[in-house]
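# Provided below are the primary sequence and the corresponding predicted coordinates.
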Amino acid sequence: MSGFFKSSIGRKYAMALSAFFLMIFLLQHFAINILSVFSANAFNEASHFMGTFWLIQYIFQPVLIFGVIYHFVMGFILEAKNRGARVKKYAKNNGGANSSWMSRNMIYSGLAILAFLVLHFIDFWIPEINTKYIEGDMSGLLPDGGYRYYEELTHKFVSPLRVGAYIVAFVFLSLHLMHGFSSAFQSAGVGSMRRNKLQTFGKAYAILLPLGFIIIALYHHFNH
Amino acid sequence: MNLTLKIWRQKGPKDKGSMVDYKVSDISEHMSFLEMMDVLNEQLISEGKEPVAFDHDCREGICGSCSMFINGEAHGPDRGITTCQLHMRMFKDGDTITIEPFRAKAFPVIKDLVVDRSSFDRIQHAGGYISVNTYGNTQDANAIPISKYAADEAMDAATCIGCGACVASCKNASAMLFVGAKVSQYALLPQGRIEAVDRVKNMVAQMDLEGFGNCTNTGACEIECPKGISLENIARMNREYLSANIKD
């Protein structure tokens, strides 16, 4: 297995594995975020558990960060290699005749998602790490005694600009997943019969999950 | 019909090359694309100019020689055909047709529309065969029972003519459909299983060495393939490659 991950196919497997991991993470992230629409208490409890449980904080979180960085870095490396495989471009290339826009522009939808992640890290993750690990406040409480998570969430969605950026980013995520979901299974060597059965689920996942995140943002924007 | 042709002209491998415009007239809609190119070349020769160099051989869609990128698509705007099978009825009077060579770092231009596809040969040499001793006592292949499914799938994969349309169409200039087909046609049959581990590892290593890009599953190769080679072959190659690396 020594040269496996240096080969073109080995890298396809690695990209697919990191994609599977990130798709499962997105589902889990959504499951917690949607709680905020139905119950502030449930959202606070779940957020506090996720933010303080050692297994999630010290094992899953570093793995997630590695997975995100790996997926982006390897995506850029492969894009650079692929561009180098055709030095002289075609004068006329009718790519729309044989492939979807989503499949041809994964690098651009990926870049839009990366830009959003930077904003997301500045908005949520960095203040969270600052509060917990620099200021040393692991209580998750506001000065009045209640949990801070729901308050912080609703505060972030007051700005229409931020909500707008959020919506655009999730439209790009949807476009990325429209190709990425089935592509990950193809890269992992899943045969067409099984893959065809997954197509409907993949399309639903690619549309409904980002739509769900957008609905959560709009709900808090118009209700707070 | 009267047409304007925008054709890539390049004197040799080191020449910079450029698109050159030509006019052709009285082209019959019943002509094949290559016959239209023949008309252009006769016209150029009669004018004392250098004819356009392009690959062709059988002119019946089986040799895989003709390799033009026509109006932004490998083998032009039709499906399941090679350029020699493309008819002029696919175009209209007054059309401008852009004709370029298959472009990939691993397919360097030799002259005009002729590219060097020997990288495919080197991939084949790396493992696209079975070792059979032909000393007279070789077992008859038909004596080994094979399922209908495996026989059909292997035959479908074996119809790849190695034209390179998959590479030309892929936005990454990836050769994985070609290599996937060559790996699959042996992987599905008992005779091919014996050398399966070395075959897939060596062919993939050679493919990477030749400078082809990485497959991102756009599916353009499958759509443009004149023989309808399925993406299933890439998935099978990926499984074969993982399995070979685990076994080895």
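Perfect, I can see it now. Numbers count the residues shown, from 1 in each chain, chains lettered A, B, ... in the order given.
# could you dump the lowest-mean-pLDDT helix or strand in chain B to PDB, C-alpha only?
Taking mean pLDDT, DSSP states H and E as the measure, helix B:190-193 is the helix or strand of chain B with the lowest mean score, a mean of 93. What follows is helix B:190-193 as a C-alpha-only set of coordinates in PDB (Å, rounded to 0.1, in the frame of the first residue of the first chain):
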ATOM      1  CA  PRO B 190     -10.700 -16.200 -15.700                       C
ATOM      2  CA  GLN B 191      -7.800 -16.000 -18.000                       C
ATOM      3  CA  GLY B 192      -7.200 -12.400 -16.900                       C
ATOM      4  CA  ARG B 193      -7.400 -13.000 -13.200                       C
END
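# for the helix or strand just after it, packing partners?
Next along the chain after helix B:190-193, taking DSSP states H and E as the criterion, comes helix B:196-210. The helices and strands touching helix B:196-210, judged by 3 or more C-beta pairs under 8 Å, 6 or more residues apart in numbering or on different chains; DSSP states H and E, are helix A:8-38, helix B:118-127, helix B:176-187, helix B:232-247. For glycine as for every other residue, the C-beta is placed from the backbone atoms N, C-alpha and C.
# ok so, going back, helices or strands next to the least confident helix or strand of chain B in the packing?
Contacts of helix B:190-193 with other secondary structure elements, assessed using 3+ C-beta pairs under 8 Å, 6+ apart, are made with helix B:176-187.
# Count the neighbours of B:P190 for me.
A total of 12 residues lie near B:P190 under the criterion other C-beta atoms under 10 Å in any protein chain shown.
# Against chain A, how distant is the closest residue to it other than its chain neighbours?
Leaving aside its chain neighbours, B:P190 sits nearest to B:I144 (5.4 Å; criterion: C-beta to C-beta, 6 or more residues apart in numbering or on different chains). Distance, B:I144 to chain A, using C-beta to the nearest C-beta, to the nearest Å: 24 Å.
# So what's the residue count around residue 140?
Since no chain was named, I'll use chain A. Taking other C-beta under 10 Å as the criterion, the count of residues near A:G140 is 19.
# please go with chain B instead
B:D140 sits with 6 neighbouring residues when counted by other C-beta under 10 Å.
# For A:K92, which residues are in contact?
Under the criterion of C-beta atoms under 8 Å, 6 or more residues apart in numbering or on different chains, the contact list for A:K92 reads B:N71, B:G72, B:T98, B:E100.
# can you tell me which of those residues are up against chain A?
Filtering those for proximity to chain A (criterion: C-beta under 8 Å from any C-beta of the partner chain) leaves B:N71, B:G72, B:T98, B:E100.
# Can I have the buried ones of those as a PyMOL selection?
Here is the PyMOL selection string for the buried members of those, based on 16 or more other C-beta atoms under 10 Å in any protein chain shown:
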select buried, chain B and resi 71+72+98+100
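# buried ones in the worst-scoring helix or strand of chain A on mean pLDDT?
For chain A, the helix or strand with the lowest mean confidence is helix A:126-129, at a mean of 89 (criterion: mean pLDDT, DSSP H and E). Of the residues in helix A:126-129, A:E128 count as buried by neighbour count, 16+ other C-beta under 10 Å.
# still on that earlier bit, report pLDDT for the residue nearest to B:P190.
Model confidence at B:I144, expressed as pLDDT, equals 89.
# do A:M1 as well
Per the predicted model, pLDDT is 69 at A:M1.
# still on that earlier bit, quickly name whichever of the contacts of A:K92 is closest to chain A.
Among the contacts of A:K92, B:G72 lies closest to chain A (C-beta to the nearest C-beta), at 3.0 Å.
# before we move on, back to that, what residues of the helix or strand just after the least confident helix or strand of chain A count as buried?
Toward the C-terminal end, the helix or strand that comes next after helix A:126-129 (DSSP H and E) is helix A:149-156. Buried positions in helix A:149-156, judged by neighbour count with 16+ other C-beta under 10 Å: A:Y149, A:Y150, A:E152, A:L153, A:T154, A:K156.
# what about helix A:149-156, distance to the chain center?
On the basis of C-alpha atoms, centre = their mean, to the nearest Å, helix A:149-156 is displaced by 20 Å from the centre of the chain it belongs to.
# how about the helix or strand that that helix is followed by: buried residues?
Along the chain past helix A:149-156, the next helix or strand (assigned with DSSP H and E) turns out to be helix A:160-187. If you call a residue buried by 16+ other C-beta under 10 Å, then helix A:160-187 has these buried ones: A:163, A:165-167, A:169-170, A:172-187.
# got the angle for helix A:160-187 vs helix A:149-156?
Here helix A:160-187 runs at an angle of 110 degrees relative to helix A:149-156 (axes from the mean of the first three to the mean of the last three C-alpha atoms, to 10 degrees).
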